Every structure is written in C-alpha cells, then in structure tokens.
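Peer 1: fold the following.
(one chain, ligands or ions: 2)
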Amino acid sequence: MKTLTQTLLLTIALLLAMLITSDANGRLLVDKETVVVKNDISGENITIHCYSSEDDLGVHTLPYAANFTWYFHVNIGGTTKFYCDLTTGHGSGNYGVFDLRLEDQCDDYCLWLIQANGPCLVQKVFHGQLYCQSWKKPPHNIKGFAF
Ligand SMILES: *[C@@H]1O[C@H](CO)[C@@H](O)[C@H](O)[C@H]1NC(C)=O
Ligand SMILES: *[C@@H]1O[C@H](CO)[C@@H](O)[C@H](O)[C@H]1NC(C)=O
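Peer 2: Ligands and ions are numbered 1, 2, ... in the order given. Just a heads-up that it's a prediction; the model follows:
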C-alpha cells in the first residue's frame, strides 16, 4: 500500500513532467506537428524551399494540386518556427508558415494553399476561413519592375 508521502511525491513528479512537456496553453510539446503546403495555382509549377533554424527541407517543385508535407516536434521552448521561400509566376516571397501562434488556427495540421495572389492558411478552427498574405515581390518575368 502506498503511503501518503509516496502518493504526494508521485503527484509532484507528474505535475513537473506535465510542466516541462507542455506550453502555456497546455498543449503537449511531444505532439507531432504537420505542415502541408499545396500548389493551388492551376496550370503552374511553383518552387518552394522550407526551413527552420534546425532543418533545411530543400528546394522542391510542385505541380498544380501537389503538396509538400513535413512532420516535426516543436522544441522544448516552443519557439520552433518554419519559413518557406515561395516562387510562382505571379510573385514570390519568404513567409512564416509555422509557429505556435499560427498552429492555434490549424487544428490537426497546418494547410497552406499557394494561390495566385499569395499564400493562404486554411484556418480550420475558423471554419476554413483563409488567412491570406500578398506576394512580397512581383514575378521575375514582368519587365518594368526593378528589384
Ligand atoms: C511542370 O513541370 C513538369 C515536369 O517538369 C513539366 O512537364 C510541365 O510542362 C511543367 N508545367 C508548366 C506549366 O510549366
Ligand atoms: C498531399 O499529397 C498526398 C500525396 O499525393 C495526398 O495523399 C494528400 O491527401 C495530400 N494532402 C492534402 C492536404 O492535399
């Protein structure tokens, strides 16, 4: 039979374990995160290069409707952030595609649709409402723009 002290110590140990493995919102940091970046520009191949401070996922070409998907664990500090360089015939730019603030809008995985006007996060917790950003740079093949 367990003594009261043993039970108390076990409870404290469990609470400590929960504290170090979860962030401020009680989300378990050991959970696997998923990000999906999908080409939603019909008739076009786009180029994506995604990375964090720890991982470089390489340069990939995505035909229309194809996606690039990766899985990872958020670091203990909860500071993991992924960025993607996106290049399309409509524009390009570098965008933050994952951090814990964005993850709050994602539900089971973070889905980015790369559209003609820019990248859009499907905010599944807001009934799929899109959070869109515009291109930071115009397409390379348009003359008259100096960058
Ligand atoms: C996209 O890439 C594929 C494979 O490299 C190529 O066959 C196709 O012509 C490209 N499509 C466009 C619209 O550039
Ligand atoms: C991403 O592509 C894979 C392989 O083609 C497919 O099974 C999966 O359903 C796609 N995911 C999304 C969100 O489109």
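Peer 1: alpha carbons only for contacts and neighbour counts from here, please
Peer 2: Will do.
Peer 1: which residues touch the closest residue to ligand 1 within the chain?
Peer 2: Residue of the chain nearest ligand 1, by Cα to the nearest ligand atom: Glu44 (4.4 Å). Counting by Cα atoms under 8 Å, 6 or more residues apart in numbering, Glu44 touches 63-64, 88-89.
Peer 1: restrict those to those that also contact ligand 1, please.
Peer 2: Near ligand 1, taking Cα under 6 Å from any ligand atom as the test, the members of these found are Pro63.
Peer 1: quick check: bridge partners of the spatially most central residue of the chain?
Peer 2: Geometric centre of the chain, nearest residue: Phe98, 2.7 Å, by Cα atoms, centre = their mean. Following DSSP bridges, Phe98 is listed with bridge partners Phe82.
Peer 1: my guess is it meets Val35, correct?
Peer 2: Yes: at 7.5 Å, Phe98 counts as touching Val35 under the criterion of Cα atoms under 8 Å.
Peer 1: identify the contacts common to these two.
Peer 2: Taking Cα under 8 Å, 6+ apart as the criterion, Phe98 and Val35 both touch Cys110.
Peer 1: what comes up buried for the helix or strand that Leu102 is a member of?
Peer 2: Using DSSP states H and E, Leu102 falls within helix 100-103. Residues of helix 100-103 classed as buried: 100, 103 (neighbour count, 16 or more other Cα atoms under 10 Å).
Peer 1: so what touches it?
Peer 2: Applying Cα under 8 Å, 6+ apart, the contact partners of helix 100-103 are 78-81, 109-110.
Peer 1: and the next helix or strand after that helix, how far from the chain's centre?
Peer 2: Downstream of helix 100-103, the next assigned helix or strand under DSSP H and E is strand 110-115. Strand 110-115 sits 10 Å away from the centroid of its parent chain (Cα atoms, centre = their mean, to the nearest Å).
Peer 1: adjacent strands (with direction) for the next helix or strand after strand 110-115?
Peer 2: Note on strand 110-115: by DSSP H and E, the next helix or strand toward the C-terminus is strand 118-123. Strand 118-123 has the following sheet partners, assigned by DSSP bridges: strand 110-115 (antiparallel), strand 129-132 (antiparallel).
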